[in-house]
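Engineer: With the sequence up front, the predicted model follows.
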Amino acid sequence: MPIRAVLWDIDDTIFDYASADRAGMLHHLKAEGLVDGYDSVDQALSRWKELTTHHWRRFEAGGVAFEDQRRDRVRDFVRRPLSDAEADEWFERYLRHYEAAWVLFPDTLPVLDVLAAGYRHAVLSNSSIHNQDRKLRALGVRDRFEALLCAAELGVAKPAPEAFHAACDVMNLPPEEVAYVGDQPDIDARGAVEAGLKGIWLDRTGVGGRPELIRITGLDQLPGLLRRLRGDTRFGAQDTFG
């Protein structure tokens, strides 16, 4: 069946989350006087990333609420007890630094422009609508997507098939007519495939491997790939845009 829609991940797919998170946390650490609590800035940043992954997995497993995993991440990082309000305030201060560093990847707008006429577009993210709607609007691309679905409101997170199916249902399309593009080989690409979608792994850093997955290393390769997936050769064999 032809591919009629592209379902997108956001962080580290169209939005440079890793760079923004690092820059934001670096400025936050300095503002909060927390650098001295670690042997180096890199150690502090590594610890923040480690805790983000750990607590996010707790949320994905359904064992903790979205807000609580964030508060627990802050408590573990500062290594002292904080009330919910104190943890929220700490995170809000971090967010101001993080948001100041928000930027789309350079290939995001060009590929959205190329694909605009030929495909419908929506977002499925393992975050919250509050966070991601605000992010997409600040980055100027919210109107590119007809729907935005997030794990916090769905009550289920990728790679669960129910998350992908919920997005397909919103678009009123069967999974086999939807391609999912994301930066995580298992959570995004494999999860999409197991849910019946065309899963596409965006491997920006060139990790490689995983031959069972459809892999691209930049969004410039996506238009050509989608044409091949739907058997459309009207535009020739070129895989990238100019």
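Structural biologist: Ah, there it is.
Engineer: What is the subsequent helix or strand relative to the helix or strand harbouring Q43?
Structural biologist: Using DSSP states H and E, Q43 sits in helix 41-60. As assigned by DSSP H and E, the chain's next helix or strand after helix 41-60 is helix 66-78.
Engineer: quick one: the strands in this structure?
Structural biologist: 5-8, 120-125, 147-150, 178-182, 198-202, 214-216 (DSSP state E).
Engineer: hey, where'd the helices end up in the protein?
Structural biologist: For the chain, the helices defined by DSSP state H occupy 17-32, 41-60, 66-78, 84-99, 108-115, 129-138, 151-154, 161-171, 191-194, 222-229.
Engineer: Just the buried positions in the first one, please.
Structural biologist: Counting neighbours by 16 or more other Cβ atoms under 10 Å, one finds that the buried residues in helix 17-32 are 17, 20-29. In this view, the C-beta of every residue, glycine as well, is placed from N, C-alpha and C.
Engineer: for the last one, same thing?
Structural biologist: Along helix 222-229, these residues count as buried under the neighbour rule (16+ other Cβ under 10 Å): 222-227.
Engineer: elements contacting that helix?
Structural biologist: In this structure, helix 222-229 packs against helix 108-115, strand 178-182, strand 198-202, strand 214-216, with contacts taken as 3 or more Cβ pairs under 8 Å, 6 or more residues apart in numbering; DSSP states H and E.
Engineer: Check the model's average confidence along it for me.
Structural biologist: Helix 222-229 shows a mean pLDDT of 94.
Engineer: quick check: angle from that helix to strand 178-182?
Structural biologist: Here helix 222-229 points in a direction 150 degrees away from that of strand 178-182 (axes from the mean of the first three to the mean of the last three Cα atoms, to 10 degrees).
Engineer: Repeat that for the third one.
Structural biologist: For helix 66-78 against strand 178-182, the angle between stretch directions is 20 degrees (the same axes, to 10 degrees).
Engineer: May I have helix 66-78 exported as CSV, CA atoms only?
Structural biologist: Listed next in CSV are the C-alpha coordinates belonging to helix 66-78 (Å, rounded to 0.1, in the frame of the first residue of the first chain):
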residue,chain,number,x,y,z
PHE,A,66,5.4,12.4,33.9
GLU,A,67,5.8,15.2,36.5
ASP,A,68,7.1,12.8,39.2
GLN,A,69,9.9,11.4,37.0
ARG,A,70,11.1,14.9,36.3
ARG,A,71,11.0,15.8,40.0
ASP,A,72,12.9,12.6,40.9
ARG,A,73,15.5,13.4,38.2
VAL,A,74,16.1,16.8,39.8
ARG,A,75,16.4,15.4,43.3
ASP,A,76,18.9,12.8,42.3
PHE,A,77,20.9,15.3,40.4
VAL,A,78,21.2,17.9,43.2
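Engineer: List the buried residues for that helix?
Structural biologist: For helix 66-78, by 16+ other Cβ under 10 Å, it's 66, 69-75, 77.
Engineer: Which strands and helices lie in contact with that helix?
Structural biologist: On a contact count with 3+ Cβ pairs under 8 Å, 6+ apart, helix 66-78 meets helix 41-60, helix 84-99.
Engineer: can you list contacts of it?
Structural biologist: The contact list for helix 66-78 (Cβ atoms under 8 Å, 6 or more residues apart in numbering) reads 34, 37, 47-48, 51-52, 54-56, 58-59, 64, 81-82, 84, 87-88, 90-91, 128, 151-152.
Engineer: Drop anything exposed from those residues.
Structural biologist: Using 16+ other Cβ under 10 Å, the buried members of the contacts of helix 66-78 are 34, 47-48, 51-52, 55-56, 59, 64, 87, 90-91, 128, 151-152.
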